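Asks: from the sequence below, what's the structure:
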Amino acid sequence: QVQLVESGGGSVQAGGSLRLSCAASGRTFSNYAMGWFRQAPGKEREFVAAITWNGLSTYYADSVKGRFTISRDNAKNTVYLQMNALKPEDTAAYYCAARPSYSSAIYSRVADFGSWGQGTQVTVSS
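Replies: Numbers count the residues shown, from 1 in each chain. Okay, the predicted model is just below:
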């Protein structure tokens, strides 16, 4: 399995920006489709964004579309989540996830991914 470590979380005021990073190790990163999920206290883990192994296709939850951007750098074994115009409802622990894939399919369910990071906390104050 690939090992994943998130970073970049923190506290920010509403309207601010953060960029999350997820560094992968242990396997060939370009063999994996990647996703970002989040989980707020007392709520289920929910999909945020996904990207194919080659970065050519992306997909977003409606709640973040137009504000968040997922990208990847296969040379650096890293996937990113640029978060702009943050809202208090974006407050959650954010997790990156990996799934072996060489297809153009986009995966957006928790069950689609077998490898997970430990998460990084994002707190947005009003």
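
Asks: can we go C-alpha only for contacts and neighbour counts from here?
Replies: Noted.

Asks: which residues touch the residue nearest the centre of the chain?
Replies: Nearest residue to the geometric centre of the chain (C-alpha atoms, centre = their mean): W36, 2.2 Å. By C-alpha atoms under 8 Å, 6 or more residues apart in numbering, the contact set of W36 is F47, V48, A49, A50, L81, Y94, Y95, C96, A97.

Asks: and after the strand or helix carrying it, which helix or strand comes next?
Replies: Secondary structure assignment for W36, by DSSP states H and E: strand 32-39. Later in the chain than strand 32-39, the nearest helix or strand by DSSP H and E is strand 46-51.

Asks: what's next to that next one, contact-wise?
Replies: With C-alpha under 8 Å, 6+ apart as the test, strand 46-51 has contacts from 33-39, 57-61, 64, 69-72, 106-110.

Asks: by contact count, what packs against the following helix or strand past that strand?
Replies: Next in sequence after strand 46-51, counting helices and strands by DSSP H and E, comes strand 58-60. Contacts defined by 3 or more C-alpha pairs under 8 Å, 6 or more residues apart in numbering; DSSP states H and E place strand 58-60 against strand 46-51.

Asks: for the strand it packs on, output the C-alpha coordinates as PDB.
Replies: The C-alpha trace of strand 46-51 is given here as PDB (Å, rounded to 0.1, in the frame of the first residue of the first chain):
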ATOM      1  CA  GLU A  46     -17.700  13.100   2.800                       C
ATOM      2  CA  PHE A  47     -16.100  13.400  -0.600                       C
ATOM      3  CA  VAL A  48     -14.500  16.700  -1.600                       C
ATOM      4  CA  ALA A  49     -12.400  16.200  -4.800                       C
ATOM      5  CA  ALA A  50     -10.800  13.600  -6.900                       C
ATOM      6  CA  ILE A  51      -8.200  13.400  -9.700                       C
END
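
Asks: for the residue nearest to the centre of the chain, give the beta-bridge partners.
Replies: A49, C96 (DSSP bridges).

Asks: next, the angle strand 46-51 makes with the strand holding W36.
Replies: Angle, strand 32-39 to strand 46-51, by axes from the mean of the first three to the mean of the last three C-alpha atoms, to 10 degrees: 160 degrees.

Asks: now strand 32-39: mean pLDDT?
Replies: Average pLDDT, strand 32-39: 97.
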